[in-house]
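Colleague: Attaching a predicted model along with its sequence, questions to come.
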Amino acid sequence: MDLHIVGAEANAAEREAVDQLLGPPSTGWHGASRDIERDGRSAAGGRRVSGGRDQLLPALHAVQDAMGWVSHGALNYICARLSVPPAEAWGVVTFYHLLATAPRPAAVAHVCDDIACRLHGAESLCADLEARLGHAVHRSPCLGQCDRGSAALITRAGPEPERFVIAPATAGAIVDALSTDARPESTAQPVVDAAAAGDKGARIVRRINVADPCSLDSYRHHGGYAVLNKAIAIGAAAVIAEVSAAKLLGRGGAAFPTGRKWQAVAEAPAQPHYVVCNADESEPGTFKDRVLMEQDPFAVVEAMTICGLATGSAHGFLYVRGEYPEAERAMASAIAQARAAGLLGPSVAASGFAFDIEIRRGGGAYICGEETALFNSIEGKRGEPRSKPPFPAQVGVFGQPTVVNNVETLVNVLDLLDEGGAAWAKTGTAGSSGTRLFCLSGHVAVPGLYEIECGRTLRQAIALAGGLPAGRALQAVLLGGAAGTFVGPDALDMPLSFEGARAANATLGSGVIMVFDDTANLHDTLARIAQFFRDESCGQCVPCRVGTVRQAELLHVRSASSVSSAAPASSASSVSSAALASSAQSVSSAALAESASSVSSAALAESSVLLSELGLAMKDASICGLGQTAASAIESAFANIASLKGSEPS
Amino acid sequence: MSHDDIAFHLPPAPRDIPAAPAGPAPTMVPLTIDGRAVEVPSGATLIDACAALDITVPTLCYLKTLTPVNACRMCVVEVEGARVLAPACSRQVEPGMVVKTRSPRVNLSRKMVLELLGSSVDLSTAPGLAEMMAEYDARPERFHQSLTSAPSVSSAALASESASSASSAALGESASSAALGDSASSASSVALGDSASSASSVALASSASSASLAAGSVSVASVAQPVKVDNDLYVRDYGKCILCYKCVEACGTDAQHTFAIAVAGRGFNAHISTELDVPLPDSACVYCGNCIAVCPTGALMATPEFELRKAGEWRPETQAVTDTICPYCGVGCTLTVHVQDQQIVKVTSPFDNDVTRGNLCVKGRFGFEYVNRT
């Protein structure tokens, strides 16, 4: 490739940041200063030089961490080092919203203003911070801290960069974090509960708050690595047979049979095979994988190792979202300890089977949770989903057969192999074996992570979390996050199983159960969900790129009109609960006429048609799951939630 | 030694040109499209299979000489048993597939794609777009009517209802099963203006974006922006860009391997850009113009055509179009020369040409000024 790299040059600090990751440059052709003796007569090229593209995102992170932004000079230097055309690198750096392309303060707060945090005053927190701190504050989609109230990710650039999360976050704590070098002590232990996990008690969360997540010895003391030895003893085919017998379905949202996935990769003729653990948990309201990685990181390492053994893969990638610095640290430490103990490397546990894990940090893009977008992100390309087929089991990361599993799915494999697949499958229902982690948040007394046997009801799950605050009535429950569905109080007896959710026309998605009581302004929630998809669409296909924009615009208009009619005295952001409650309970024709007064009822009807047609086209014609589900929560809200039916023409 | 022995003789011309040795015959894949059976070689795409049956599938981002990116979603078709629609341009045929190319779901998705593009992009110089809009009854102005202030919508409500019957027909069965109350679709007939029915009026109503942001009204996002004129050879009018990725592919691995442009940004802000959006002369661009050749909307345009259009003097119907061979180097590229008023106004190359596959270099595409000046 004949690269055309001109213009700004990297400064010493930028070079140092990149060289720390990539090592010193070899020749003047690849970033070193020109040496006529060395570089005058030959230039190294070919695959050895151009094959480093997958280091693009790590290199951009290195510069971002050190400098606080990626300058033209730094971009040019990275391009020279990795033989990437500058225009393509620019396409990548502008794709991720944690990477800055203009100077900004070294310390920056990314403050969550997404649907769960909004219920706890995130809007006013953000407004307050923006007024006080200006450019140092960025609004962020869900940071996966919904069990703790409002949250902020703090990044401090410099020679010793720092990234940490404050949750629950107050304006004072965020201002302190940005103005001093202090780092708040990590927060309290997470709420993790397995009271409803079935006869055998806690499985997935068994070691959480029990074993020391920083210690391999503690993990082993609590039964860790016994399963890997068993897997090595019984061999790859038997491992896959057990996983298939357990009828384990993927926990990331798509519910694909894990055994079939592993089988397909194990049998794929092309070599090498890869394991990818999808830890880019970005679905609003989801925090289960974060808690697992922070509190039981060795379990993730052990499960990935078993997956590698079963599928004949020697290399695993753990793609962890950039908003999870604690999880990344915990996983990095666990991987290093496992490597030192010979449990990762050229001969895992002296079995002769090679496996190692590489951590890749996401750059702030919900879409990279989509498996093929994640592959592109690992490869150093824009995180745009690929067309399927071909599926990852045939053509995955680097074009090779790849098994990609969610964190929770993988961790399930440990207990499943321990007990034997058939015995393990006795927990749960016929169609949904095992237990699932549910992330309860919103208006419940004790938000947290609940391990629940598949088939228990939604009512039981909410009761486990202490139910609604005293004196409040249930308005709606969001299942599965922004890509999920809203259900009303009439759905409380729905079994929490794949088939139970399907029968109720709902989805469990990634295990989100977000509760909204009668004080919640659902119009505001819906507008935020629409904004979320508008922000997070990758922009590749027309139905999603423009459709999510139009959907957000249409909802904005409806939201504005419904608020102005329902509570004329109050501002758009805070509707008095009394006004909302009354409009929720009585959908009288008078209320309808009133709600239609600001925008004509004909216009409202036309916007309903547009929303419905948009929803159908996005569902049918988008490339990937993001566009296909971008309308589902909104449509289900209008269909199922009594308080919103008042704004629907009838 | 006879005179003949030292003379050079041309070998006799071969009577038949030897063919390449036959490879294994491709496996034929049987499938059904719109109720008709067809067999195509394995590895063919649905659009190839449709072509074998003379079924036209509308496309925007597809070009035979480029790798399909299936980004525009105009070519979606319904494959029986599949949850979602499939892009015909890239989906490979499978034995026994049953495909519908004009089902209500397909028609609705194509209509929405056209309306979404028409409401956000200036499609005035995109060839064939007006015809597609008419065929699918696409009315992009529906968004402006719904999103801008109420009075204009209610005045539209008084207009004739000729358009409304067409729209409810286009919705078909799929719309009535929507989660959003299906009673709404009948109510919609009141709000539809009849100006909508003229599908050719795809240009954006500029008044819409300048409308005041009263309650219940938002600005309708579009990609409108000033034309980029930063070199003598071609202009980039990204207000007309539908982000089909063709120019990026032509600049990159599908033709030129120059990599001067890429898609930058994300979501609705995604756009074609050089690094840091530097002007073309500061970028890697070599002015081959292969991006212009593949652009489906006129967003990329050679300067002579741009100037003539601006002056209202672009008259393609009066142009003489002649194929010739490029005078510059020994490759011998086929040039298609477009002549208007005795002046060369544009040079292209046929996409089905074995030598060029539609691609040229800076000399072939732009080096004709000396002809015009003599």
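Modeller: Received, thanks.

Colleague: Need the residues that contact stretch B:294-302.
Modeller: B:60-61, B:63, B:65-66, B:121, B:123, B:125-127, B:129, B:233-242, B:244, B:246-247, B:249-250, B:289, B:291-292, B:309, B:346, B:358, B:365-366 (C-beta atoms under 8 Å, 6 or more residues apart in numbering or on different chains). To be clear about C-beta, it is placed using only N, CA and C from the backbone, and glycine gets the same treatment.

Colleague: distance between the ends of it?
Modeller: 12 Å (C-alpha to C-alpha, to the nearest Å).

Colleague: one step back: mind listing which of the contacts of stretch B:294-302 are in strands?
Modeller: Taking DSSP state E, the ones among the contacts of stretch B:294-302 that sit in strands are B:234-236, B:346.

Colleague: Can you go through those residues and name the buried ones?
Modeller: B:234-236, B:346 (16 or more other C-beta atoms under 10 Å in any protein chain shown).

Colleague: Just give me the closest of the residues you listed to chain A.
Modeller: Nearest to chain A among these is residue B:236, at 13.6 Å by C-beta to the nearest C-beta.

Colleague: Mind pulling up the pLDDT for that closest one?
Modeller: Turning to residue B:236, the model gives it a pLDDT of 98.

Colleague: give me every residue that touches it.
Modeller: Going by C-beta under 8 Å, 6+ apart, residue B:236 touches B:227-228, B:272, B:280, B:299-300.

Colleague: Likewise for residue B:82?
Modeller: Contacts of residue B:82 by C-beta under 8 Å, 6+ apart: none found.

Colleague: In a helix, it, correct?
Modeller: No - using DSSP: H, G, I helix; E, B strand; the rest coil, the assignment for residue B:82 is coil, not a helix.

Colleague: Find the closest residue to chain B in the stretch 151-300 of chain A.
Modeller: Taking C-beta to the nearest C-beta as the measure, the point where the stretch 151-300 of chain A comes nearest chain B is residue A:254, at 11.2 Å.

Colleague: Quickly note the distance from that residue to residue A:95.
Modeller: Residue A:254 sits 23 Å away from residue A:95, going by C-beta to C-beta, to the nearest Å.

Colleague: ok, those two, which is more surrounded?
Modeller: Between residue A:254 and residue A:95, counted using other C-beta atoms under 10 Å in any protein chain shown, the more crowded position is residue A:95 (28 against 14).

Colleague: Compute the distance between that one and residue B:266, please.
Modeller: Residue A:95 sits at a distance of 5 Å from residue B:266 (criterion: C-beta to C-beta).

Colleague: shared neighbours of these two, which are they?
Modeller: By C-beta under 8 Å, 6+ apart, the residues touching both residue A:95 and residue B:266 are A:365, A:538.

Colleague: quick revisit: from the buried ones among the ones in strands among the contacts of stretch B:294-302, which is closest to residue B:276?
Modeller: Distance to residue B:276, by C-beta to C-beta, is smallest for residue B:236 among these, at 15.4 Å.

Colleague: can you list the residues of the stretch 351-500 of chain A near chain B?
Modeller: Contact residues, the stretch 351-500 of chain A versus chain B (C-beta under 8 Å from any C-beta of the partner chain): A:365, A:382, A:387, A:389.

Colleague: quick one: low-confidence parts of the chain?
Modeller: Going with chain A. Flagging of chain A using pLDDT under 70 yields the residue ranges A:1, A:186-187, A:562-600, A:646-650.

Colleague: try chain B instead
Modeller: For chain B (pLDDT under 70), the answer is B:1-5, B:149-217.

Colleague: all strands of it, in order?
Modeller: Using DSSP E, strands in chain B cover B:28-33, B:36-41, B:76-79, B:86-87, B:98-100, B:234-236, B:262-264, B:271-273, B:300-302, B:320-325, B:334-340, B:343-348.

Colleague: strands paired with the shortest one, and their directions?
Modeller: The strands beside strand B:86-87 in its sheet (DSSP bridges) come out as strand B:76-79 (antiparallel).

Colleague: The second one now?
Modeller: Based on DSSP bridges, the pairing partners of strand B:36-41 within the sheet are strand B:28-33 (antiparallel).

Colleague: Domain parsing of chain A, as residue ranges.
Modeller: Domains of chain A are assigned by automatic domain parsing as A:12-93, A:107-179, A:212-424, A:435-517, A:522-645.

Colleague: And chain B, is the second one touching that?
Modeller: No - if you take C-beta under 8 Å from any C-beta as the test, domain A:107-179 misses chain B, and the best it gets is 12.2 Å.

Colleague: Regarding that domain, how distant is the last residue from the first?
Modeller: Counting by C-alpha to C-alpha, you get 8 Å between the two ends of domain A:107-179.

Colleague: mind checking how far that domain is from the chain centre?
Modeller: For domain A:107-179, the separation from the chain centroid amounts to 18 Å (computed by C-alpha atoms, centre = their mean, to the nearest Å).

Colleague: can you list the residues of the stretch 551-650 of chain A near chain B?
Modeller: Taking C-beta under 8 Å from any C-beta as the criterion, the stretch 551-650 of chain A approaches chain B at residues A:553-554, A:556-557, A:560-561, A:564, A:598-603, A:605-617, A:619-623, A:628, A:635-636, A:638-639, A:648-650.

Colleague: Among the residues you listed, name the buried ones.
Modeller: A:553-554, A:556-557, A:560-561, A:564, A:598-603, A:605-617, A:619-623, A:628, A:635-636, A:638-639, A:648-649.

Colleague: All the strands of chain A, in order from the start?
Modeller: A:107-112, A:137-140, A:152-156, A:162-166, A:192-196, A:273-279, A:313-320, A:356-361, A:402-406, A:435-442, A:448-453, A:474-479, A:485-487, A:512-517.

Colleague: Output the third one as CSV, nothing but the C-alphas.
Modeller: These are the backbone C-alpha positions of strand A:152-156, laid out as CSV (Å, rounded to 0.1, in the frame of the first residue of the first chain):
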residue,chain,number,x,y,z
ALA,A,152,-20.3,8.8,36.0
LEU,A,153,-17.2,7.5,34.2
ILE,A,154,-14.2,9.7,35.0
THR,A,155,-11.2,9.7,32.6
ARG,A,156,-8.0,11.5,33.5
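
Colleague: Would you mark the buried spots in it?
Modeller: Within strand A:152-156, the residues that qualify as buried are A:152-156, counting by 16+ other C-beta under 10 Å.

Colleague: What is the nearest of the ones in strands among the contacts of stretch B:294-302 to residue A:258?
Modeller: Using C-beta to C-beta, residue B:236 comes nearest to residue A:258 of the ones in strands among the contacts of stretch B:294-302, at 47.9 Å.

Colleague: so the closest one bridges to which residues?
Modeller: Taking DSSP bridges as the rule, residue B:236 bridges to residue B:228, residue B:300.

Colleague: Next step: the contacts of stretch B:294-302 restricted to helices.
Modeller: With DSSP state H as the criterion, helices contain B:129, B:246-247, B:249-250, B:291-292, B:309, B:365-366 from among the contacts of stretch B:294-302.
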